[in-house]
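[1] Only the shape, not the letters, is given here:
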């Protein structure tokens, strides 16, 4: 498979969504959900529809919170 064909098939394939219940310890969930609410409902400068989801834009001051959210979601 050529590099361009591989890249094209990766873009056209639907993303895999996997949720692992319990990946975030119960004691950390309230803080995580509060962070999600703050980031996605209150702190985003812009939300744009994308073919496979959304694109969010944040102020640079939100970098640590966004990184914490991504880290939690990757568990």
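    Yep, it's here. Everything numeric here is computed off the predicted structure, so don't read it as measured data. Numbering: from 1, shown residues only.

[2] ok, residue 36 - how many residues close by?
    Using other CB atoms under 10 Å, residue 36 has 13 neighbouring residues. Where you see a C-beta, it was placed from the backbone N, CA and C, and this is true even at glycine.

[3] Where does residue 54 sit: helix, strand or coil?
    Classification of residue 54 using DSSP: H, G, I helix; E, B strand; the rest coil returns strand.

[4] Distance of it relative to residue 27?
    Counting by CB to CB, to the nearest Å, the gap from residue 54 to residue 27 is 29 Å.

[5] neighbouring contacts of whichever strand or helix holds residue 30?
    Taking DSSP states H and E as the definition, one finds residue 30 inside helix 29-37. Contact partners of helix 29-37, identified using CB atoms under 8 Å, 6 or more residues apart in numbering, comprise 24, 65, 68, 69, 72.

[6] Make a ChimeraX selection of whichever of the residues you listed turn out to be buried.
    Here is the ChimeraX command that selects the buried residues among the contacts of helix 29-37 (16 or more other CB atoms under 10 Å):
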select :69,72
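
[7] Among the contacts of helix 29-37, which pair sits farthest apart?
    Within the contacts of helix 29-37, 24 and 65 form the most distant pair, 15.5 Å apart (CB to CB).

[8] got a list of contacts for the very next helix or strand once past the helix holding residue 30?
    Going down the chain from helix 29-37, the next helix or strand is strand 46-50, by DSSP H and E. With contact meaning CB under 8 Å, 6+ apart, strand 46-50 is reached by 54, 55, 56, 57.
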